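J.: Below is the sequence, then the predicted model.
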Amino acid sequence: MTDMWFTVLGPVRFWRAGTEVDLGAPQQRTLLALLLVRAGHPVSLAEIVDVLWGGEPPRSAVNTVHRSIGMLRRALEPGLRARDTGRWLLRAAGGYRLDLDANSLDLLRFRLLLARARAAADGPLAVRTFAQALELWQGPVASTVAPEVRGHPVFTAVDRLYEAAAREAADAALAVGEPGALMRAVEQAAGQAFLDESLQARLILMLAATGRQAAALGRYETVRARLTEELGIDPGTELAGARDRVLRLVRPACRCLADR
C-alpha cells in the first residue's frame, strides 16, 4: 500500500502514513466523497455543484467549490504551494480528478477483488475473494455525508454494486457448500438492503444451509412484515420460494421427531 489510504465504503476517511487526517467542514467531506466514488475519472464543475446543492445552488457555488478544493489539496498534501499541481487532486476536463488506485482507495480495491472473484475458476477461491471484497464495507457508501446528498445516483449506484456483489457471493458460497464463510458479510449487506427480496432470499437459504432453519424462517417473517408495512406488497416468487425450501427441510425433521 501507499502511505495514503482513503475510505468511502462506509464513513469518508483519510489516513496519511497511518495517521487519520481531519477532513474539515462537512462540505469538504462531501466533495471528497464525490471525488472518491468517481476516482480516476474527471468530475465536472457542473456535476460537483449538482451533487452538493441539487437544483438550487447559491450564486457563490462555484467559488465555494474552488475554495473547498484548495482546502482539500492542503489536507492531502500539506507542503503543497498554492500554484503547485499536486500528486493526488488534479484539474481535468473542466473539473477535478482524484488520481488513486486499488492500493489507496477501498472502493477501487473492492472493484478489483470483485473482478477477481467473478473470474475465478475455482469455487472456494471465488468465495474467499468475495469475502475479502465484502469485508471492505463498513456501512452504506459515504455514510458520514448528509442523507439528501447520499440519495444522488452517483452514490446509490455504488450501494447497488455492493448488493449485487453480495448476491453473487451468496450464490458462490451456496454452490460450493460453504455458506458459513460469507454469512457475516451477506448478513451485513442484507441489513443495509432490507427490501431487496433477492438478497434476503439468499440469506434465508444460507441460514438454513448452516442449520439455522428457525432463524431463516424468522428472517422471512420479518422481511414479509416490512414489505407489507413499507411497500404494501406481499413477498415475491423468489423470497416465497426460499421460505418454501426451508419448510421442506424442516418438515421431515419434525416428522422424524414425532416418530420417536
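T.: Sure, I can see it.
J.: Quick one: the helices in the stretch 51-200 of the chain, in order.
T.: Assigned by DSSP state H, counting those that start in this stretch, the helices in the stretch 51-200 of the chain fall at 61-76, 106-119, 123-134, 147-150, 153-175, 183-192, 197-209.
J.: where does Leu35 fall, helix, sheet strand or coil?
T.: helix (DSSP: H, G, I helix; E, B strand; the rest coil).
J.: nearest spatial neighbour of it, skipping sequence neighbours?
T.: Of all residues beyond its chain neighbours, the one nearest Leu35 is Leu98 (4.4 Å), with distances taken as CB to CB, 6 or more residues apart in numbering. In this view, the C-beta of every residue, glycine as well, is placed from N, C-alpha and C.
J.: Run through the residues that contact that neighbour.
T.: 35-36, 38-40, 88-90, 105 (CB atoms under 8 Å, 6 or more residues apart in numbering).
J.: hang on, the earlier thing: need the winner for burial among the helices of the stretch 51-200 of the chain.
T.: Greatest average neighbour count among these goes to helix 197-209 (a mean of 23), per mean count of other CB atoms under 10 Å.
J.: angle of the following helix or strand past that helix against helix 197-209?
T.: Next in sequence after helix 197-209, counting helices and strands by DSSP states H and E, comes helix 213-226. Orientation of helix 213-226 against helix 197-209 (axes from the mean of the first three to the mean of the last three CA atoms, to 10 degrees) gives an angle of 160 degrees.
J.: What's the local residue count around the nearest residue to Ala17 once chain neighbours are set aside?
T.: Closest residue to Ala17 apart from its sequence neighbours, by CB to CB, 6+ apart: Asp3 at 4.6 Å. Neighbours of Asp3 under the rule other CB atoms under 10 Å: 10.
J.: Quick check: the gap between Asp3 and Leu182.
T.: 32 Å (CB to CB, to the nearest Å).
J.: and if you look at Leu174?
T.: Taken as CB to CB, the span from Leu174 to Leu182 is 9 Å.
J.: intersection of neighbour lists for these two?
T.: Common neighbours of Leu174 and Leu182 (CB under 8 Å, 6+ apart) are Met206.
J.: hang on, the earlier thing: tell me how far the residue nearest to Leu35 lies from Ala39.
T.: 5 Å.
J.: who touches both of these two?
T.: In contact with both Leu98 and Ala39: Leu105, using CB under 8 Å, 6+ apart.
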